[in-house]
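Undergrad: Return atomic coordinates for the entry below.
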Amino acid sequence: MNKATHRAAEAARDVPGVLATFTEDCFLDTVPLGMRSQGKGRTRAAYESLFTAFPDLAPEDSGIALGDDVLVVWGTLRGTSLGQWLGMPPGGDAFAVPFTNVVPFRDGLMAGETFYFDLATLCQQARLDLDSTRTAATAAPQKTRPPHS
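TA: Numbering: from 1, shown residues only. Model (predicted):
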C-alpha cells in the first residue's frame, strides 16, 4: 500500500478503495472533534460522512515525513460545506485550513489515521456554528474523548 493509492481512492470518493488501504481493526481519530471511529464499519461511516458533508474535500500536501512504521503528512485541507455534517445543515462556504495526519502502518496497510486541523477556523470559514459542531460531535456514537480545537 502506498500513499498515492489511498489518496487516489479518496479523490475518486471510492470508499471501498479507501478501506482496502486499512487493516481490519483500523481507526480514524479526528482530534479536534474528540472522535474515534474504530474498525472498518465505523471508519467507512466516517469517510462517507466527510464525503457527503464536503464533496470537494481535498488535502494539498506540503510535506511528508516517514519513519519505519509511520507516515506524517501535513498541508492545507480545502473543501466546501455542501452537505449535512454530524446531523447539522451545511454552511455553504469554502474553507482552507492547515492539517496534519499521523498514519501508523502494520503489515503494509494503514492501521489508522490521527487527523489534526483547526476546527474553529474551519467552522468560521465554512459558516458552521462551532458550538453546535462540538455538541454534535459529543453526541456522535464514536465519541471517545474530549474535543480539542
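
Undergrad: Surely residue 77 forms part of a strand?
TA: Yes: the assignment for residue 77 is a strand, going by DSSP: H, G, I helix; E, B strand; the rest coil.

Undergrad: Quick check: buried residues in the helix or strand in which residue 37 is found?
TA: Element membership of residue 37, judged by DSSP states H and E, is strand 35-38. By neighbour count on 16 or more other C-beta atoms under 10 Å, the buried set for strand 35-38 is 35-37. Heads up, the C-betas are built off the backbone N, CA and C, glycines and all.

Undergrad: quick check, nearest of those residues to residue 125?
TA: residue 35 (20.3 Å; C-beta to C-beta).

Undergrad: Quick check: beta-bridge partners of the closest one?
TA: residue 30, residue 143 (DSSP bridges).

Undergrad: doesn't residue 136 make contact with it?
TA: No: assessed by C-beta atoms under 8 Å, residue 35 is found out of contact with residue 136, at 10.2 Å.

Undergrad: State the next helix or strand along the chain beyond the strand holding residue 37.
TA: helix 39-53.

Undergrad: Show me what that following helix is packed up against.
TA: Other helices and strands packing on helix 39-53, by 3 or more C-beta pairs under 8 Å, 6 or more residues apart in numbering; DSSP states H and E, are helix 15-19, strand 22-30, strand 35-38.

Undergrad: quick one: buried residues of that helix?
TA: By neighbour count with 16+ other C-beta under 10 Å, helix 39-53 contains the buried residues 39-40, 42-47, 49-51, 53.

Undergrad: neighbouring contacts of that helix?
TA: Contact with helix 39-53 is made by 10, 13, 15, 18-19, 22, 24-28, 30, 35, 37, 57, 81-86, 90, 112, 142, as judged by C-beta atoms under 8 Å, 6 or more residues apart in numbering.
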